[in-house]
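In: Attaching a predicted model along with its sequence, questions to come.
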Amino acid sequence: MSARQDTISVVIAAYNRGPKIADTLNSVLSQSTQANEILVVDDGSTDDTVPFIREYYPQVRLVEAKHGGQSAARNRGAQKASSDTIIFLDSDDLMRPNAIKTILELIRRFPEAHAVFTDHGYVNHQSGATLDNHHSQLPQFSRFGLVAPVRSDELGRVYDRRLYYQLLRGNILQQPWTTRRSSFLRLGGFSEDLRNNEDWDLYLRIAYTYPVVVSDCVLSTHVVESERDHVHLSAGQDEMNMLILQRHSKARCWANLWAQVPIRQKLGLYYKAFGDQECAKGNLALATREYFRSFRQWPFDRVVVARLLMWSLRLLGPQHYANR
């Protein structure tokens, strides 16, 4: 990745994790290949996160910041990291023992890639749901098969910009993920004004600009401790997704139809969903407005067209024809 490609900084953004962050830190410290630096950015915690890390993990580099959200904390970590290769890890994720070793091997095999994405498992302590991996168990990840890699081996595969067009239809890249620090900073890091799905936005920008390598290796476990985590992530998620798509539509000129078609299709589906919600409530005026917005996002949904025509004829009614 660079002259310092063999050095790794693991960046962890933390907020009010307290002693619960110990599991994440222990998973990094127990790697078969050690990171050169473990950097925790405390996002203005009001609990005992900072004193806990200072007392029990003196080998961890701690950066304290004002509360600005996870994106701001991650960006701060990237700015402060001493290695040019950064692994971003959430403070409730657990690294598998060979994670760093595998990532370094992927970097060695695919030096043209500016970012490395792998797979992870999932454990929900509240619902009891588990998932061994995403790439082989969830149907949306079959979209990888629609994109021909530039080159591949048994460990991973490199994609060019063609992966970006599939990502516009929905995120299929997972954590832990690795990036060149210089490339991350050049792209401006995470968008700090996005309340959620900031990772999808950044992955889109990375995949559009640089080659990336994807591996099916499961290198971490994402742990959901309570349903509150899901509620937080889902609040306003559709609006954030639409904002991301609108930004990418503006950034990609109309000459790039490969980008505009999936962007406008997804925006049209969001407007249709909003129209369906208003229709179910009996708010036909608001539903019509949302359906019309969906209709404008060519290529439009035929259900939207049918409903707009039906309602237009209903508004005209028999009286219209009687006056002709």
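Out: Cool, the structure landed.

In: Where do the strands of the stretch 51-200 of the chain begin and end?
Out: For the stretch 51-200 of the chain, applying DSSP state E, counting those that start in this stretch gives strands covering 61-65, 85-90, 93-95, 115-124, 130-131, 151-152, 157-159, 174-180.

In: do you know which of the ones you listed lies nearest C217?
Out: Closest approach to C217 among the strands of the stretch 51-200 of the chain (CB to CB): strand 115-124, 5.2 Å. C-beta here means a position set from N, CA and C on the backbone, and glycine is covered the same way.

In: in the closest one, what's buried?
Out: A115, V116, F117, T118, D119, H120, G121, Y122, N124 (16 or more other CB atoms under 10 Å).

In: again, but for stretch 162-171
Out: Result for stretch 162-171 [16+ other CB under 10 Å]: buried residues L163, Y164, Y165, Q166, L167, L168, N171.

In: Over to stretch 101-110?
Out: Those would be T102, I103, L104, E105, L106, I107, R109, F110, for stretch 101-110 by 16+ other CB under 10 Å.

In: if I pick the residue nearest to S82 when sequence neighbours are not counted, what's in contact with it?
Out: Nearest residue to S82, sequence neighbours excluded (CB to CB, 6 or more residues apart in numbering): E37, at 5.5 Å. Shown in contact with E37 (CB atoms under 8 Å, 6 or more residues apart in numbering): T7, I8, S9, V10, R61, A81, S82, S83.

In: Backbone torsions only: list them for E37.
Out: Taking degrees, to the nearest 10, you get phi -160, psi 140 for the backbone angles of E37.

In: if I look at it, how far off is L25?
Out: Distance from E37 to L25, counting by CB to CB, to the nearest Å: 13 Å.

In: Take the strands of the stretch 51-200 of the chain and lay them out in TSV including mean pLDDT.
Out: Listed next are those as TSV, based on pLDDT from 0 to 100:
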stretch	mean pLDDT
strand 61-65	97
strand 85-90	96
strand 93-95	96
strand 115-124	96
strand 130-131	93
strand 151-152	97
strand 157-159	98
strand 174-180	92
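
In: Going by length in residues, pull out the top helix of this protein.
Out: Scanning the chain for the helix with the most residues, using DSSP state H, yields helix 257-281.

In: need the next SSE after that one, C-terminal direction.
Out: helix 284-296 (DSSP states H and E).

In: ok so, going back, may I ask which two of the buried residues of stretch 162-171 are separated the most?
Out: Y165 and N171 (13.2 Å).

In: what about the helices in this structure?
Out: 21-29, 49-56, 70-80, 99-109, 162-167, 181-186, 198-209, 227-234, 237-251, 257-281, 284-296, 302-322.

In: so which of these comes closest to D216?
Out: Of all those, helix 99-109 sits nearest to D216, with 11.0 Å by CB to CB.
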